[in-house]
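Student: Here is my input, please return the structure:
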Amino acid sequence: MAKESKRRQNSARHPGQTDGLKSRVARILAKGNKEATYETQQEAETAVLVAVPDKRQANVRTQEYLDELAFLAETAGATVTQRFVQRLDKPDIRTFVGEGKLEEIKAYVQHSGASMVIFDDDLSPSQLRNLEAELKVKIVDRSLLIIDIFAQRAKSATAQTQVELAQYQYLLPRLTGLWTHLDKQRGGGVAQRGPGETEIETDRRVVRDRISFLKERLKELDKQSHTQRKSRTGMVRVALVGYTNVGKSTIMNLLSRADVFAENKLFATVDSTVRKVVLDTVPFLLADTVGFIRKLPTRLIESFKSTLDEVREADLLVHVVDISHPSFEEHIAVVNDTLKDIQAADKPMLLVFNKIDQYNPEAETERRDDFEEMNEDEDEDAPALRPSLEQLKATYMAKLHDPVIFISAKDRENIDELRALLVRHVAALSPNNWYTPAPEVEE
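Tutor: Prediction:
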């Protein structure tokens, strides 16, 4: 027992860090220079972004993806100082980027003092170890960055348990990287394994046990949530879905007068919020759900199963789209694919284009043709005028789905039409379809 204790004391993995389960996750989530001490006071971190797109990907699309990655980094609390792009047929199996680009990144990191390098794709455990050995700073891939943001945002017991499960599932195949000082065999011979391998196996068993415990805990919480949802039977359930940061929480607050946290950051909402709403004497339950994103980690989708049940069990989906984003069509496709993954794509749906107050028809050349005839007499050098609702309804966007509505939740523009549309669809889905719209009064 004394030898075991002494051996563990001599195992200086990361100076200043404890050996608890939480710290083992922290070594992956906040692992810096191995020679540095662990500071309890968190300093502002600077990040370098790296993307390795396919050679066929357009430059504009590559920059949009990097803009999203930068937004993710800022949401997590890091300041982006530089971006690196290398086009390859396929990523390098050892370091993800080529040797020359790696030297370029290394030189910049050493010169600027950047504290982390963030990759826009998932890294294998060996790539993560090799990059950390070469760059001597914290290496973060896309999945880890999103998981870290979820960990910051999770408030309820269910969401915190789901995020912790995703953290441990991410950690499990990467444990070897935490034991590089004990990775050599001692003594040699069959069945004579070194202390590094023994401790790695011990950690793996501990992490697997924790994963099993969290899964059981989630089953219990899921039963509680299922019981709560069963108690709401008899009322139509509506779920707000969409890409992250499209304004779902703002719409939730407008329709339900709730106080759901909303800000201009990705994944402002991780926990589902359900409120009873009554519009024009028609009651229904409205749920604000976690936003989707490109390359959403599979382990997060699996972990957030009980949260996504609000979407799966909804009677009507309200798909909110940020019309001002240049890639809103891709966002629509990402959301539709995610809905297919969770078996919720066949539900009745309303398509709501939000943020028309920020929409610029000249932001994308593909859209300009829709508005050429509308502003023929205007000065070409003059700033583009925001299209009216009537003009928006005449574009191809209005034909992407049936029904489609254009709103600005921020300016509360066309919200009355959204309420009326919701009332009609909720009433049609009600078990007792008794609602009759009030006749319009002629002025």
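
Student: use CA for all of it now, contacts and neighbours both
Tutor: Noted.

Student: After the worst-scoring helix or strand of the chain on mean pLDDT, which helix or strand is next? Please name it.
Tutor: Here the helix or strand of the chain ranked lowest by mean pLDDT, DSSP states H and E is helix 365-368, holding a mean of 44. With elements assigned by DSSP states H and E, the helix or strand that comes after helix 365-368 is helix 389-393.

Student: Contacts for whatever helix or strand comes next after that next one next, please.
Tutor: Past helix 389-393, heading to the C-terminal end, the next element that is a helix or strand (DSSP H and E) is strand 404-406. Residues external to strand 404-406 that are found in contact with it (CA atoms under 8 Å, 6 or more residues apart in numbering): 350-354, 356, 389, 392-393, 398, 414, 418.

Student: hmm, try it at 10 Å
Tutor: Residues from elsewhere that reach strand 404-406, judged by CA atoms under 10 Å, 6 or more residues apart in numbering: 319-321, 323, 349-356, 389-390, 392-393, 397-398, 413-415, 417-418, 421.

Student: Whichever of these end up buried, select them in PyMOL.
Tutor: Selecting just the buried residues from the contacts of strand 404-406 in PyMOL takes one command, with 16 or more other CA atoms under 10 Å as the test:
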select buried, resi 319+320+321+323+349+350+351+352+353+354+355+356+392+397+398+413+415+418
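
Student: Which members of the contacts of strand 404-406 occur in helices, if any?
Tutor: When helices are assigned by DSSP state H, the members of these inside them are 389-390, 392-393, 415, 417-418, 421.

Student: Save those residues as JSON lines, and put in distance to residue 139 and pLDDT too.
Tutor: Listed next are those as JSON lines, based on distance: CA to CA, whole Å; pLDDT from 0 to 100:
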{"residue": "389", "distance to residue 139": "46", "pLDDT": "86"}
{"residue": "390", "distance to residue 139": "49", "pLDDT": "88"}
{"residue": "392", "distance to residue 139": "44", "pLDDT": "90"}
{"residue": "393", "distance to residue 139": "46", "pLDDT": "89"}
{"residue": "415", "distance to residue 139": "44", "pLDDT": "93"}
{"residue": "417", "distance to residue 139": "48", "pLDDT": "94"}
{"residue": "418", "distance to residue 139": "45", "pLDDT": "94"}
{"residue": "421", "distance to residue 139": "47", "pLDDT": "95"}
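
Student: Look up the closest residue to residue 134, ignoring the ones flanking it.
Tutor: The shortest distance from residue 134 to any non-neighbouring residue, by CA to CA, 6 or more residues apart in numbering, is to residue 106 (7.6 Å).

Student: and that neighbour, how many residues sit next to it?
Tutor: The tally of other residues near residue 106 (other CA atoms under 10 Å) stands at 18.

Student: hang on, isn't it packed against residue 135?
Tutor: Yes. Taking CA atoms under 10 Å as the contact criterion, residue 106 and residue 135 are neighbours in contact, 5.5 Å apart.

Student: Now do the shared contacts for these two.
Tutor: residue 117.

Student: where are the low-confidence patches of this structure?
Tutor: Scanning the chain with the threshold set as pLDDT under 70 gives 1-43, 176-199, 228-233, 258-271, 302-307, 362-385, 431-443.

Student: so what's residue 174 up against?
Tutor: By CA under 10 Å, 6+ apart, the contact set of residue 174 is 28, 124-126, 128-129, 168, 204.

Student: Now with 6 Å, please.
Tutor: residue 125 (CA atoms under 6 Å, 6 or more residues apart in numbering).
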